[in-house]
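S.K.: What shape does this take:
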Amino acid sequence: MNRVDIARFEFDYDTTWSAFITDSKLRIYSRYGGRDEHEPDARLSKASLLQTMRESLAAHKTAIERAAVTPSANAKAEDVLWHPEPKTSRTPLDIPLLRKSHQGCVHCHQVREYALLQAYHDGGFTRELLFSYPLPESLGIEFDRGHGHRVAGVQDGSPAAGLLKPDDVVIRCEDVPIRSEMDLRWALQRLPATRDYVRLLVAGEVRREVELALPANWRQTELSWRKSARSVPADWGFRGAALAKFERREARLPETGLAILILSIKPRGLVQSLGLQKGDVITALEGDSKERSLDRLRSDMLRRFAPGDEIQLTIRRGKDTLELHGSFPAWSTEESTVP
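M.R.: Numbers count the residues shown, from 1 in each chain. Model prediction:
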């Protein structure tokens, strides 16, 4: 990634695999790839990739035909043939902390990690930066994985409910032509933080434009699978690990449910705010005791709380069960480099 133009070839840097379909001028017809907290390739399929390739080739043929007729007609249709192009170029080496500290090959996830650290050290880090490339499910849309951007189902009570239906095909989002699920996610990623609606062009029984209202926190997704999450400037102040079954039995804890042992602490961040101690076992977050890893617990906290919000943890300390209350700490990190 060292000298890749990340302004043009913009994608989710935590994903397993991504592809761009371009013409000879590097105009992008489609982005393909993406993942979530499940299996790395759960959102990918040979069938959907072939569908995206076929649609991109058809768009390229249209571009050639229009250019042969009149250049002005081709220019008029650019917004529906190619993805919007950046006004400038940019590489990972344009991130000051990366350029100063990193040696050798730059991996995809490291680009995002340095971007997060740079935002913090520049005083521009916000909670919204944590949640990138929203899933179609955030709009209530479930896509057919064998097609890529054809609606398979619509969630009740969601923004898409009553506006989209199975077998509709999303073909444009705002000014972005949609030929894959990742195209839609990229289009959603580009929406201003203040936007409370999104426009989709949909092909079904009739071609129509729909406007979906965006609820609060609609961008939020699970973070624990993202390698870049290790560089989020959240000051936890402790190291911990989920207890194994034999350790639960020794501690007289249920065999299932949340059980995160505090292995070591530093008197700062969440530890200082709540009064956590080494040897404490976290057994619930805001009364929710479902079983999860430490990374998943941290992801849940990042999704639910901003600095200053009241937070409650239930812990086992020796034989006692305690409720700890405090404020989620301000963003803080001493790190300026990425492993």
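S.K.: Residue 84 versus the nearest residue to residue 90 once chain neighbours are set aside, what's the distance?
M.R.: In space, residue 90 comes closest to residue 7 once its chain neighbours are excluded; the distance is 4.1 Å by C-beta to C-beta, 6 or more residues apart in numbering. For the C-beta atoms, the positions are set from N, CA and C on the backbone; glycine is no exception. Between residue 7 and residue 84 the computed distance is 11 Å (C-beta to C-beta, to the nearest Å).
S.K.: ok, and for the helix or strand hosting residue 303, which residues are buried?
M.R.: When elements are assigned from DSSP states H and E, residue 303 belongs to helix 294-304. Neighbour-count burial for helix 294-304 flags 294-302 (criterion: 16 or more other C-beta atoms under 10 Å).
S.K.: I'd like to know which elements that helix is packed against.
M.R.: Under the contact criterion of 3 or more C-beta pairs under 8 Å, 6 or more residues apart in numbering; DSSP states H and E, helix 294-304 touches strand 238-242, strand 281-285.
S.K.: For the first one, give the mean pLDDT please.
M.R.: Confidence over strand 238-242 (mean pLDDT, whole number) is 96.
S.K.: What helices and strands are in contact with it?
M.R.: Where contact means 3+ C-beta pairs under 8 Å, 6+ apart, strand 238-242 is packed against strand 260-265, helix 294-304.
S.K.: Export the ones you listed to CSV and append columns for distance to residue 312 and mean pLDDT.
M.R.: Below are those laid out as CSV (distance: least, C-beta to C-beta, whole Å; pLDDT from 0 to 100):
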stretch, distance to residue 312, mean pLDDT
strand 260-265, 15, 97
helix 294-304, 11, 96
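S.K.: now residue 55: how far from residue 178?
M.R.: According to C-beta to C-beta, residue 55 and residue 178 sit 9 Å apart.
S.K.: the more surrounded of the two?
M.R.: residue 178 (25 against 22; other C-beta atoms under 10 Å).
S.K.: got a list of what that one touches?
M.R.: The neighbours of residue 178, taking C-beta atoms under 8 Å, 6 or more residues apart in numbering as the test, are 149, 170-172, 184, 187.
S.K.: Is it correct that residue 27 is in contact with residue 82?
M.R.: Yes - Residue 27 is within contact range of residue 82, at 4.2 Å (criterion: C-beta atoms under 8 Å).
S.K.: So if I had to pick from those two, which one is more boxed in?
M.R.: Neighbours per residue, other C-beta under 10 Å: of residue 27 and residue 82, the larger number sits with residue 82, 22 against 15.
S.K.: give the contact list for the more buried one.
M.R.: When contacts are counted by C-beta under 8 Å, 6+ apart, residue 82 touches 23, 27-29, 59, 63, 177.
S.K.: Below-threshold pLDDT in the stretch 151-300 of the chain: ranges please.
M.R.: Of all residues in the stretch 151-300 of the chain, none has pLDDT under 70.
S.K.: Which parts of the chain are helices?
M.R.: Using DSSP state H, the helices of the chain run over 46-69, 71-76, 78-81, 96-101, 108-121, 181-189, 245-250, 269-274, 294-304.
S.K.: right, so of those helices, which gets closest to residue 323?
M.R.: helix 269-274 (10.0 Å; C-beta to C-beta).
S.K.: Buried residues, the closest one. List them.
M.R.: In helix 269-274, counting by 16+ other C-beta under 10 Å, buried: 269-271, 273-274.
S.K.: do stretch 170-186 as well
M.R.: Buried, per 16+ other C-beta under 10 Å, within stretch 170-186: 170-173, 176-186.
S.K.: Closest to residue 211 out of those residues?
M.R.: Comparing the buried residues of stretch 170-186 against residue 211 with C-beta to C-beta picks out residue 173 as the nearest, at 11.4 Å.
S.K.: now the nearest residue to that closest one once chain neighbours are set aside: how far from residue 332?
M.R.: The spatially closest residue to residue 173, leaving aside those adjacent along the chain, is residue 187, at 3.7 Å (C-beta to C-beta, 6+ apart). Using C-beta to C-beta, residue 187 is found at 33 Å from residue 332.
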